[in-house]
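**Student:** I need the structure of the sequence given here:
(2 chains)
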Amino acid sequence: GIQVEQSPPDLILQEGANSTLRCNFSDSVNNLQWFHQNPWGQLINLFYIPSGTKQNGRLSATTVATERYSLLYISSSQTTDSGVYFCAVADRGSTLGRLYFGRGTQLTVWP
Amino acid sequence: ETGVTQSPTHLIKTRGQQVTLRCSSQSGHNTVSWYQQALGQGPQFIFQYYREEENGRGNFPPRFSGLQFPNYSSELNVNALELDDSALYLCASSLGYGTGDEQYFGPGTRLTVT
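**Tutor:** Numbering: from 1, shown residues only, chains lettered A, B, ... in the order given. So this is what the prediction gives:
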């Protein structure tokens, strides 16, 4: 299966700071999603971005499919941004809609 | 449009028992997938159902089984529970069969096996 690596594993920021999370994947994909997992465990969809760039408020994401990586940008961090951020991909070479997840980035934003 | 729901929220079972977890997909979504998330890990794919048929399975033993019903609800059944089955179980629904479809997750069921 596809290998997904996320970095950094942990990130600690002061409120108001900007950050960049990275996701590298080992093969061609036709689905890439970024999620925020809240303290109760629910995965909140942030972006569906198999290629290109998208923005939603303070968050934006870029996927360069040919180079097999995606970046999630968080600007002007708030304490409510804290939690685990996951990148997940689906294998372009498979007919199965299985998502492969990275181990996540644990973000802590201090006031 | 309602989101993906799961029940129960929490569950405590004893080793060797059987458990059934339930999921209700978004209306119109024909595909449901189940994932297991151990503490500190990313979710791991268990299996996927499309229009009531299992169409793919991850590296999980046969004691993990499922059902999908025509009303967009589904079940995950685990027999002969083991301590390592303690985890958060997530279901996800998507519109179609293809690998390119965006998936939407429920809030999860946290299972503890003692």
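**Student:** contacts, neighbours, all on C-alpha from now
**Tutor:** OK.
**Student:** shaky segments in chain B?
**Tutor:** B:1-2, B:98 (pLDDT under 70).
**Student:** For chain A, what is the nearest residue in it?
**Tutor:** Proximity of chain B to chain A (Cα to the nearest Cα) peaks at B:Thr99, 3.9 Å away.
**Student:** Report the beta-bridge partners for the closest residue to A:Thr53 other than its chain neighbours.
**Tutor:** Closest residue to A:Thr53 apart from its sequence neighbours, by Cα to Cα, 6 or more residues apart in numbering or on different chains: A:Thr62 at 4.3 Å. Legend: beta-bridge partners of A:Thr62 under DSSP bridges are A:Thr53, A:Leu71.
**Student:** In this structure A:Thr62 contacts A:Asn56, no?
**Tutor:** No - using Cα atoms under 8 Å, A:Thr62 makes no contact with A:Asn56, being 12.0 Å away.
**Student:** more crowded one of the two?
**Tutor:** Higher neighbour count among A:Thr62 and A:Asn56: A:Thr62, with 19 against 9, using other Cα atoms under 10 Å in any protein chain shown.
**Student:** who touches the more buried one in this structure?
**Tutor:** A:Ile49, A:Ser51, A:Gly52, A:Thr53, A:Lys54, A:Ser70, A:Leu71, A:Leu72 (Cα atoms under 8 Å, 6 or more residues apart in numbering or on different chains).
**Student:** what about 10 Å?
**Tutor:** A:Thr62 is in contact with A:22, A:47, A:49-55, A:69-73, counting by Cα atoms under 10 Å, 6 or more residues apart in numbering or on different chains.
**Student:** I'd like the residues you listed as CSV, with distance to A:Thr79, pLDDT and neighbour count appended.
**Tutor:** Formatted as CSV, the contacts of A:Thr62 follow (distance: Cα to Cα, whole Å; pLDDT from 0 to 100; neighbours: other Cα atoms under 10 Å in any protein chain shown):
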residue, distance to A:Thr79, pLDDT, neighbour count
A:Arg22, 20, 98, 21
A:Phe47, 20, 98, 22
A:Ile49, 25, 97, 21
A:Pro50, 28, 94, 22
A:Ser51, 29, 95, 19
A:Gly52, 28, 97, 11
A:Thr53, 25, 98, 15
A:Lys54, 23, 98, 14
A:Gln55, 20, 98, 13
A:Tyr69, 27, 98, 20
A:Ser70, 24, 98, 25
A:Leu71, 21, 98, 20
A:Leu72, 17, 98, 23
A:Tyr73, 16, 98, 15
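**Student:** Leaving out the residues flanking it, which one is nearest to the most centrally placed residue in chain B?
**Tutor:** Residue closest to the average C-alpha location in chain B (Cα atoms, centre = their mean): B:Trp34, at 3.1 Å. Spatial nearest neighbour of B:Trp34, chain neighbours left out: B:Cys91 (4.4 Å); criterion: Cα to Cα, 6+ apart.
**Student:** I'd like to know how far that neighbour sits from B:Thr109.
**Tutor:** 9 Å (Cα to Cα, to the nearest Å).
**Student:** higher neighbour count, the two?
**Tutor:** With neighbours defined as other Cα under 10 Å, B:Cys91 and B:Thr109 compare such that B:Cys91 has more, 31 against 24.
**Student:** just checking, the more buried one touches B:Gln68?
**Tutor:** No - look at B:Cys91 against B:Gln68 with Cα atoms under 10 Å: they stay out of range, at 11.7 Å.
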